[in-house]
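>>> generate coordinates for the sequence data below:
(chains A, B, C and D)
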There are 2 protein chains.
Amino acid sequence: MKIGELAQVAQCTVETIRYYEKEGLLPMPDRTVANYRNYGQSHVERLHFIRNCRALDMTHAEIRSLLGMMEGPARDCRAINQLLDEHIKHVDVRISELLQLQSQLVMLRELCQSERSIDACGILHGLAAMETAAKPPRPTHLG
Amino acid sequence: MKIGELAQVAQCTVETIRYYEKEGLLPMPDRTVANYRNYGQSHVERLHFIRNCRALDMTHAEIRSLLGMMEGPARDCRAINQLLDEHIKHVDVRISELLQLQSQLVMLRELCQSERSIDACGILHGLAAMETAAKPPRPTHLG
DNA sequence: TGCACACCCTGAAGCTACTATAGAGTCAAG
DNA sequence: CTTGACTCTATAGTAGCTTCAGGGTGTGCA
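Prediction:
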């Protein structure tokens, strides 16, 4: 199948597929005489796998790891379990960060319910007065 | 004050400050004869404001908006309230996305509690079998 | 046959918010 | 007078794509 068809099947764009190929996540397919990429069932499955991982917000590095383990010489799947556990931890961390953020934002929002003049706006005053903690380097890759 | 001192006061790096200047978030300060940036109290306050906004995960565009409103001709702060409401919405959206993600990941993780062989690993099978929905374009800027 | 139009190709640049690096100048202390 | 901490500019790198420029290919229709 041609790249456009694969893109449709995998619910992603043609550009994304070419990008995955460049990144080494998706193996290079055969080419037609016109130099068009020509994909088979194995590519469909691999791309599907990758898109599922991405839907779970895994990084390319994590996906590369998983793909490597699937093809590698490992006899058991301890490393896979571990990778997933760590990814779940990242997501947990990010959720608590955002919950914290949300409560700060809501508090800030409550400082100005009316349509006051700019000078009196509690939000601006709040933003000027907040005590920012220094941002520690992120322990998660989730933005 | 010199850039290093400002960085310390604002809990960010020197590079970040120079970057904000290039982005137009922080006005260009005077220079000493040695061409060193020379900041005053207004810069401290402005940078503090910016860092607070960033701590709340606002984008530079959002911050630019806020700064513009503070200096602009607007008589009331409706636009500010609105900007904050939308930002809160972004955060809400991202939190529910991540909660959804988390439950999927935990379900996936439960598919393999033991140290099986790769071929039997429930996680890999789960990742291969999931039905990915097409990712809609993100309504939020939060990763 | 000619042509329009949808698809494919490559390579490079753009996005966000920084971070890091190279190579050079400045300043104060010892 | 040298050492070390600071400053400067300009450039490239990060993640995961998206967009663009400038072409080639293939099919249906007049």
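>>> mind checking if stretch A:75-83 is in reach of DNA strand D?
No - against DNA strand D, stretch A:75-83 shows no contacts by Cβ under 7 Å from any atom of the strand, the least distance being 13.6 Å. Any C-beta I mention is one placed from the backbone N, CA and C, and that applies to glycine too.
>>> list the residues that contact the residue in chain A that DNA strand C sits nearest to.
Going by Cβ to the nearest atom of the strand, DNA strand C is nearest to A:Gly4 of chain A, at 2.6 Å. By Cβ atoms under 8 Å, 6 or more residues apart in numbering or on different chains, the contact set of A:Gly4 is A:Val14.
>>> any idea of the pLDDT on the closest residue to A:Gly122 other than its chain neighbours?
Nearest non-adjacent residue to A:Gly122, counting by Cβ to Cβ, 6 or more residues apart in numbering or on different chains: A:Leu111, 3.0 Å away. As predicted, A:Leu111 sits at a pLDDT of 87.
>>> my read: A:Leu111 touches A:His125, true?
Yes - assessed by Cβ atoms under 8 Å, A:Leu111 is found in contact with A:His125 at 7.0 Å.
>>> ok, A:Gln100 - how many residues close by?
Number of residues near A:Gln100 (other Cβ atoms under 10 Å in any protein chain shown) recorded here: 10.
>>> can you show me the helices along chain A?
In chain A, the helices defined using DSSP state H lie at A:3-10, A:14-23, A:41-55, A:60-71, A:78-110, A:122-129.
>>> which of the ones you listed sits closest to A:Thr140?
helix A:78-110 (3.9 Å; Cβ to Cβ).
>>> ok, that closest one near DNA strand C or not?
No - judged by Cβ under 7 Å from any atom of the strand, helix A:78-110 stays clear of DNA strand C, getting no closer than 13.9 Å.
>>> do that helix and chain B meet?
Yes - judged by Cβ under 8 Å from any Cβ of the partner chain, helix A:78-110 comes into contact with chain B through A:78, A:80-81, A:84-85, A:87-88, A:91-92, A:94-95, A:98-99, A:101-102, A:104-106, A:108-109.
>>> if we can go back for a sec, in contact with the residue nearest to A:Gly122, which residues?
Contacts of A:Leu111 (Cβ under 8 Å, 6+ apart): A:Gly122, A:Ile123, A:His125, A:Gly126.
>>> residues contacting the first one?
Spelled out, it's A:Gly122. For A:Gly122, the contact set (Cβ under 8 Å, 6+ apart) comprises A:Leu111, A:Cys112, A:Arg116.
>>> taking the centroid of chain A, which residue is nearest it?
A:Asp57 (3.3 Å; Cα atoms, centre = their mean).
>>> so the least confident helix or strand in chain A by mean pLDDT versus helix B:60-71, what angle?
Using mean pLDDT, DSSP states H and E, helix A:122-129 stands out as the lowest-scoring helix or strand of chain A, at a mean of 85. Angle, helix A:122-129 to helix B:60-71, by axes from the mean of the first three to the mean of the last three Cα atoms, to 10 degrees: 110 degrees.
>>> related to what we said a few turns ago, let me have the contacts of A:Leu111 in JSON lines, extended by distance to A:Asp30.
Formatted as JSON lines, these follow (distance: Cβ to Cβ, whole Å):
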{"residue": "A:Gly122", "distance to A:Asp30": "64"}
{"residue": "A:Ile123", "distance to A:Asp30": "59"}
{"residue": "A:His125", "distance to A:Asp30": "64"}
{"residue": "A:Gly126", "distance to A:Asp30": "60"}
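>>> which one among those gets closest to A:Met28?
Here the nearest of these to A:Met28, counting by Cβ to Cβ, is A:Ile123; it sits at 53.0 Å.
>>> hang on, the closest one packs against A:Arg109?
Yes - if you go by Cβ under 8 Å, A:Ile123 and A:Arg109 touch, sitting 6.9 Å apart.
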